[in-house]
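**Student:** next one to model:
(2 chains)
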Amino acid sequence: MSSDRFRLLFAKKASEAFRAAYSEEYAASGDEQVFNEEYLLQQLEQPKDPSMGRFALPVFRYGRLLGDKPPDIAVKVAGRMNELPGDSDLVRAEAAGGFINARVNPVELTSDTLDRVLSQGSHYGDSDLGRNRKYLIEYCSANIAKPYGVGHLRSTIIGNSLRRVFRKLGFDTIGINYLGDWGTQFGKMIVAYRKWGENVDLNSNAVKKLLDLYVRFHDEAKKNPSLDDQARAAFKQLEDGDPEAVRLWETFKSISLAEFDRIHRMLGVEFDIITGESFLNDKMDAVIERLEKAGLTRLSEGALVVPLDDPNLPPCLLRKGDGATLYATRDLAGLVYRWETYRFHESLYVVGSAQADHFKQAFKVIAMLEEAEGLVPSERMTGRVKHIDFGWVKFEGGAMATRSGNIIFLEDVTDKAVALAKEKILEKNPSLESIDETAHQIGVGAVIFSQFSVRRQKDVNFVWKEVLNFEGETGPYLQYTHARLCSLLRKYSGEITAEIDPALLAGAEEQRVIELLADFPAIVEDTARTYDPHLIASYLLRLAAAFNKVYQRKTSDGRSDKIISDDVNLSASRMALVKSVQTVLHEGLYLLGIEAPEEM
RNA sequence: GCCCCCGUAGCUCAGUAGGAUAGAGCAUCGGUUUCCUAAACCGAGUGCCGCAGGUUCGAUUCCUGCCGGGGGUACCA
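**Tutor:** Below you'll find the model as predicted:
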């Protein structure tokens, strides 16, 4: 939680109050560090229930030090704090058990927050945290010649979101799609195509036909293991530049690239660089040489490896027995290339947790190399490269695997979601102008949001019933709330400004919304710190729910308490809130990669 | 065998660098629209927080062991 002026003042007062209320013990403690402002600021936390206060200071740890009971300490210190001169209005201390709760002046918080949101608009929550720092984020990394399944969706949308989050924080962020366009799998594809692909027409539906070949290869390889040897040989041909193998590879690649491009447009996903493993083909020898020169390599069972000084990791393979390279070799070349080219602040790899060991190995090799070469710390990338892992996408509880053909095509999912969204629009808002476009935004939004519904590290279940549910904690719920806010904005004819009477927004429901609005910048930073957009997703649900309470509220006589009414000042105040929530909801959805239609 | 991740309400999950009575959604039941979009809102209830120890003023959170699920474990990526 970042510090604002309320927290700073609270910490300052608490520090003074401790010294005043316990002057003797303070002098005797010899540990004044726990009483200084910076330390206290760090100790501030969020009360369990927002109604208890905006933030709180637990004082349990002072019990022994001050020889007093925590609840008594809280009472004494809180009392002193409220007696201190200066800005006595801004934040009030309130003892509650072993906590000192902070009551922030609602008028100040309201005008402060609304002023910032309304004046900064979509830039609210921006930061210069990342000024002059480069951030690399690799995501998607789909494999050429394989279909785009829901498995790839997770990496793609997490990475796409992180790219937007880091940009917002001022980092010079580069999103990289590092396609799997090289490796033994292409040997398999080449063998399969030579054997069974002569009569396959690749002019239509090519991706699915290539998948059929791939699946058939694995089926037949079970009965006939010599196929795997043929595949390795074919990949070796490809690496050696055999023209026919290269021609086939290029065909597979162009088919896939066109397909990926189409799908990414459909999802609204962006990349700054699209490259592939093959880009590194001419950069691997140099890395291998460096490792050899550093004395880290060894020949083992015919293969060239780097033994790692970690008993839990197998050696990292650089060259197979036949001299061909591996995934790890290319990733090492990529690490070195990116470090030399960009000198990044951090470089992230958004890849599933199944590859955790692979990244541990690669990062370990780099660390050993940098150590062996005696590089100064500023020349080392160790510690700056991170594997951002995530759990599996399970289908109705089971595993998905390309090889067995047990896979859900992403487009089948989005098509269904979009169709359902269209059905709902026709039912609820048939006069809407751009029905197809809106249905697309809602359907795709629902699919994307479903991936953010759990923390990054956890497996996410793909269940049709849940992905196609538009009620409750879903993307469409957020979009719907946003659309209603836009509807109010269209209807309201007055000017929207932060120059309103904050007292008119003093109700508990409004205050809850304002507190959440004030939290947004910290949420964006937390997302960057944890590399998990789930935080934004759950925050937006809280914000939308809090606003819907205001929106649906009834007056004491049972009538709905309208946002826009005959009371000009009240309407203006509420509309300032409406515009602020709409702004943050829109920006938050943008950070997740989800569109926010104005009507639906 | 060894290593990593996970285990919270019937289901799916939150629980923010230990803290205040462990929270949401779905599902179930009931209610709200003379209509600023009911894709919403309100109400109803359920928890040996996998088990057993340990550290601490305080553990769902940290440590150890065990049980259960998933993943990884050199010529796939």
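**Student:** quick one, helices of the stretch 101-250 of chain A?
**Tutor:** Secondary structure of the stretch 101-250 of chain A by DSSP state H, counting those that start in this stretch: the helices cover A:106-120, A:150-168, A:184-196, A:206-223, A:226-239, A:243-267.
**Student:** pick the most deeply packed of the ones you listed.
**Tutor:** helix A:150-168 (a mean of 25; mean count of other Cβ atoms under 10 Å). Bear in mind the C-beta positions are built from the backbone N, C-alpha and C, glycine included.
**Student:** just confirm yes or no for it near RNA strand B.
**Tutor:** No. Figure legend: helix A:150-168 not in contact with RNA strand B (Cβ under 7 Å from any atom of the strand); closest approach 11.0 Å.
**Student:** next, the angle helix A:243-267 makes with that helix.
**Tutor:** Counting by axes from the mean of the first three to the mean of the last three Cα atoms, to 10 degrees, helix A:150-168 points 60 degrees away from the direction of helix A:243-267.
**Student:** put together CSV for the helices of the stretch 101-250 of chain A, with mean pLDDT on each row.
**Tutor:** Formatted as CSV, the helices of the stretch 101-250 of chain A follow (pLDDT from 0 to 100):
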stretch, mean pLDDT
helix A:106-120, 95
helix A:150-168, 92
helix A:184-196, 89
helix A:206-223, 84
helix A:226-239, 89
helix A:243-267, 92
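**Student:** which parts of the stretch 351-500 of chain A sit against RNA strand B?
**Tutor:** The stretch 351-500 of chain A comes close to RNA strand B at residues A:353-358, A:391-392, A:399, A:421, A:424-425, A:428-429, A:442, A:453-455, A:457-461, A:466, A:469-474, A:476-477, A:480-481, A:483-484, A:486-488, A:491, as judged by Cβ under 7 Å from any atom of the strand.
**Student:** just the buried residues from these, in PyMOL please.
**Tutor:** Buried subset of these, written as a PyMOL selection, criterion 16 or more other Cβ atoms under 10 Å:
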select buried, chain A and resi 353+355+358+391+392+421+425+442+453+454+460+461+469+470+474+476+477+480+481+483+484+486+488
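**Student:** pLDDT-wise, which helix or strand of chain A ranks last?
**Tutor:** Within chain A, confidence by mean pLDDT, DSSP states H and E is lowest for strand A:393-395 among all helices and strands, at a mean of 77.
**Student:** before we move on, back to that, would you list the helices of the stretch 101-250 of chain A in TSV and tack on distance to A:D526?
**Tutor:** As requested, the helices of the stretch 101-250 of chain A are exported to TSV (distance: least, Cβ to Cβ, whole Å):
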stretch	distance to A:D526
helix A:106-120	18
helix A:150-168	10
helix A:184-196	38
helix A:206-223	38
helix A:226-239	44
helix A:243-267	25
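**Student:** just give the number of residues close to the residue in the stretch 201-350 of chain A that RNA strand B sits nearest to.
**Tutor:** Minimum separation of the stretch 201-350 of chain A from RNA strand B (Cβ to the nearest atom of the strand) falls at A:K320, amounting to 2.6 Å. Using other Cβ atoms under 10 Å, A:K320 has 17 neighbouring residues.
**Student:** list the contacts for it?
**Tutor:** Going by Cβ atoms under 8 Å, 6 or more residues apart in numbering, A:K320 touches A:232, A:303, A:326.
**Student:** quick one: the strands in chain A?
**Tutor:** Assigned by DSSP state E, chain A shows strands spanning A:55-58, A:91-96, A:99-104, A:134-138, A:172-179, A:273-276, A:298-300, A:303-306, A:316-319, A:346-350, A:385-388, A:393-395, A:460-462.
**Student:** contacts for the longest one?
**Tutor:** In other words, strand A:172-179. For strand A:172-179, contacts defined as Cβ under 8 Å, 6+ apart pick out A:130, A:132-144, A:159-160, A:163, A:166-167, A:256-257, A:260, A:270-277, A:334, A:342.
**Student:** is any part of stretch A:130-145 close to RNA strand B?
**Tutor:** Yes. On the criterion Cβ under 7 Å from any atom of the strand, stretch A:130-145 is in touch with RNA strand B at A:N143.
**Student:** what's the model's confidence in that stretch, averaged?
**Tutor:** Per-residue pLDDT over stretch A:130-145 has a mean of 90.
**Student:** can you give me the buried ones in that stretch?
**Tutor:** Neighbour-count burial for stretch A:130-145, counted by 16+ other Cβ under 10 Å, picks out A:130, A:133-145.
**Student:** with just CA atoms, put that stretch into CSV.
**Tutor:** C-alpha atoms of stretch A:130-145 as CSV (Å, rounded to 0.1, in the frame of the first residue of the first chain):
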residue,chain,number,x,y,z
GLY,A,130,9.8,2.8,-14.2
ARG,A,131,11.4,5.9,-15.8
ASN,A,132,14.4,5.0,-17.9
ARG,A,133,14.0,1.3,-17.1
LYS,A,134,13.4,-1.3,-19.7
TYR,A,135,11.0,-4.2,-19.1
LEU,A,136,10.9,-7.3,-21.3
ILE,A,137,7.9,-9.5,-21.2
GLU,A,138,7.7,-12.7,-23.2
TYR,A,139,4.3,-14.3,-23.5
CYS,A,140,2.1,-16.4,-25.8
SER,A,141,5.0,-18.3,-27.2
ALA,A,142,2.6,-20.5,-29.1
ASN,A,143,4.0,-23.3,-31.3
ILE,A,144,3.9,-23.1,-35.0
ALA,A,145,2.0,-25.9,-36.6
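**Student:** and the strands of chain A, which one's lowest on average pLDDT?
**Tutor:** strand A:393-395 (a mean of 77).
**Student:** I'd like to know which elements it is packed against.
**Tutor:** helix A:150-168, strand A:460-462 (3 or more Cβ pairs under 8 Å, 6 or more residues apart in numbering; DSSP states H and E).
**Student:** dump these into TSV; add distance to A:T530 as well.
**Tutor:** Shown next, in TSV, are the helices and strands packed on strand A:393-395 (distance: least, Cβ to Cβ, whole Å):
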stretch	distance to A:T530
helix A:150-168	10
strand A:460-462	17
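**Student:** and of those, who's closest to A:Y590?
**Tutor:** helix A:150-168 (6.7 Å; Cβ to Cβ).
**Student:** what angle separates the closest one from strand A:172-179?
**Tutor:** 160 degrees.
**Student:** gap between helix A:150-168 and the chain center?
**Tutor:** From the chain centre to the centre of helix A:150-168 is a distance of 6 Å (Cα atoms, centre = their mean, to the nearest Å).
**Student:** using PDB, write down the CA coordinates of it.
**Tutor:** Provided in PDB are the C-alpha atoms of helix A:150-168 (Å, rounded to 0.1, in the frame of the first residue of the first chain):
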ATOM      1  CA  VAL A 150      -7.100 -22.400 -24.500                       C
ATOM      2  CA  GLY A 151      -3.700 -23.500 -22.900                       C
ATOM      3  CA  HIS A 152      -2.000 -20.700 -24.800                       C
ATOM      4  CA  LEU A 153      -4.600 -18.200 -23.700                       C
ATOM      5  CA  ARG A 154      -3.300 -18.100 -20.200                       C
ATOM      6  CA  SER A 155       0.200 -17.000 -21.100                       C
ATOM      7  CA  THR A 156      -1.100 -14.600 -23.700                       C
ATOM      8  CA  ILE A 157      -3.600 -12.700 -21.700                       C
ATOM      9  CA  ILE A 158      -1.500 -12.600 -18.500                       C
ATOM     10  CA  GLY A 159       1.400 -11.200 -20.500                       C
ATOM     11  CA  ASN A 160      -0.700  -8.800 -22.400                       C
ATOM     12  CA  SER A 161      -2.100  -7.400 -19.200                       C
ATOM     13  CA  LEU A 162       1.400  -7.200 -17.500                       C
ATOM     14  CA  ARG A 163       2.600  -5.300 -20.500                       C
ATOM     15  CA  ARG A 164      -0.100  -2.700 -20.000                       C
ATOM     16  CA  VAL A 165       0.400  -2.500 -16.300                       C
ATOM     17  CA  PHE A 166       4.200  -1.900 -16.600                       C
ATOM     18  CA  ARG A 167       3.600   0.700 -19.300                       C
ATOM     19  CA  LYS A 168       1.300   2.500 -16.900                       C
END
